[in-house]
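return atomic coordinates for the entry below.
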Amino acid sequence: MFRLIIPVTLIGVALGTFFLFTDKTYKEARSLMEKSASYEEALTNARQLKETRDTLNNKYNTFSKTDLDKLNKILPDNVDNIKLILDIQRIAQTYGMDIQNIKFDASVTGEKKEDGAQVVQSSAQLANKKDYGIFEMQFVTTRASYSNFVSFVKDLEKSLRVVDVNSITFSSTESVGTSQASSDMYKYEFKVKTYWLKK
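Take a look at the predicted model:
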């Protein structure tokens, strides 16, 4: 009988030690191992991201400042509507044309605040989930001949800033000092859109 008590007692002590100390310590150790594995994975991902960033940064540094300026003009990171209007006005003045009655949605700026938050945009822009924004503008040109108009459109097409012409309407204008319409001079109304890169 005494021989049975000692083994049973030892088994009981072993089980008690397991459930009260060993099992708890094992679970804590397993939890720490899982955390360690997740940290290792995070570090690996961070190293890969750093390598990717360094690779892209090295590629970026191979571009000349002139090329970067051209890329920024093709697809800027904000609308910069004033600069766009001045560029179009400059092209138009080359052909004796003047830009008037400019209309656009002033809430669509694409600019960022100092804290990096995006400025409030129009509902159309908020609905656009793409990586780029669309800025639409409408304007009227003063009297211009058809040949000058064609040259203006060609120069607008060749400019670095991407500008899509949505619509063009034209009407005849009256010759200065007469009530008769000039056969060669017209007034043109443009609707155009351009793009900017969201960040």
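
pop the domain breakdown of the chain in here.
As given by automatic domain parsing, the domain ranges for the chain are 1-62, 75-197.

tell me the secondary structure at the spatially closest residue to Leu160 that is not a sequence neighbour.
Take Leu160 and drop its neighbours on the chain: the residue closest to it by CB to CB, 6 or more residues apart in numbering is Lys73, 4.3 Å away. Heads up, the C-betas are built off the backbone N, CA and C, glycines and all. Following DSSP: H, G, I helix; E, B strand; the rest coil, we place Lys73 in the helix state.

shouldn't Lys73 be in contact with Val162?
No - counting by CB atoms under 8 Å, Lys73 sits too far from Val162 to count as a contact (9.2 Å).

out of the domains of the chain, which gets the lowest mean score?
When mean pLDDT is averaged over each of the domains of the chain, domain 75-197 scores lowest at a mean of 74.

first-to-last residue distance for that one?
6 Å (CA to CA, to the nearest Å).

scan this structure for its longest helix.
helix 23-61 (DSSP state H).

list the buried ones in it?
When burial is assessed from 16 or more other CB atoms under 10 Å, helix 23-61 yields no buried residues.

which residues of this structure fall in strands?
99-104, 132-145, 163-174, 181-197 (DSSP state E).

export the shortest one as CSV, just CAs?
When you say that, I think you mean strand 99-104. Extracted in CSV, the C-alpha atoms of strand 99-104 (Å, rounded to 0.1, in the frame of the first residue of the first chain):
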residue,chain,number,x,y,z
ILE,A,99,-8.4,83.7,-74.2
GLN,A,100,-11.6,85.0,-72.5
ASN,A,101,-14.5,83.8,-70.3
ILE,A,102,-12.5,81.1,-68.6
LYS,A,103,-14.7,78.7,-66.5
PHE,A,104,-13.6,75.9,-64.2
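
that older thread, can you get me a residue count around the residue nearest to Leu160?
By the other CB atoms under 10 Å criterion, the neighbourhood of Lys73 contains 15 residues.

re earlier: so what's in contact with Lys73 and Val162 at the same time?
Common neighbours of Lys73 and Val162, using CB atoms under 8 Å, 6 or more residues apart in numbering, do not exist here.

list the residues that contact the spatially closest residue to Val140 that is not a sequence neighbour.
Leaving aside its chain neighbours, Val140 sits nearest to Asn101 (4.5 Å; criterion: CB to CB, 6+ apart). The neighbourhood of Asn101, defined by CB under 8 Å, 6+ apart, consists of 138-140.

need those in a markdown table with distance to Glu40 and neighbour count, can you?
As requested, the contacts of Asn101 are arranged in a markdown table below (distance: CB to CB, whole Å; neighbours: other CB atoms under 10 Å):
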| residue | distance to Glu40 | neighbour count |
| --- | --- | --- |
| Gln138 | 57 | 15 |
| Phe139 | 59 | 19 |
| Val140 | 64 | 15 |
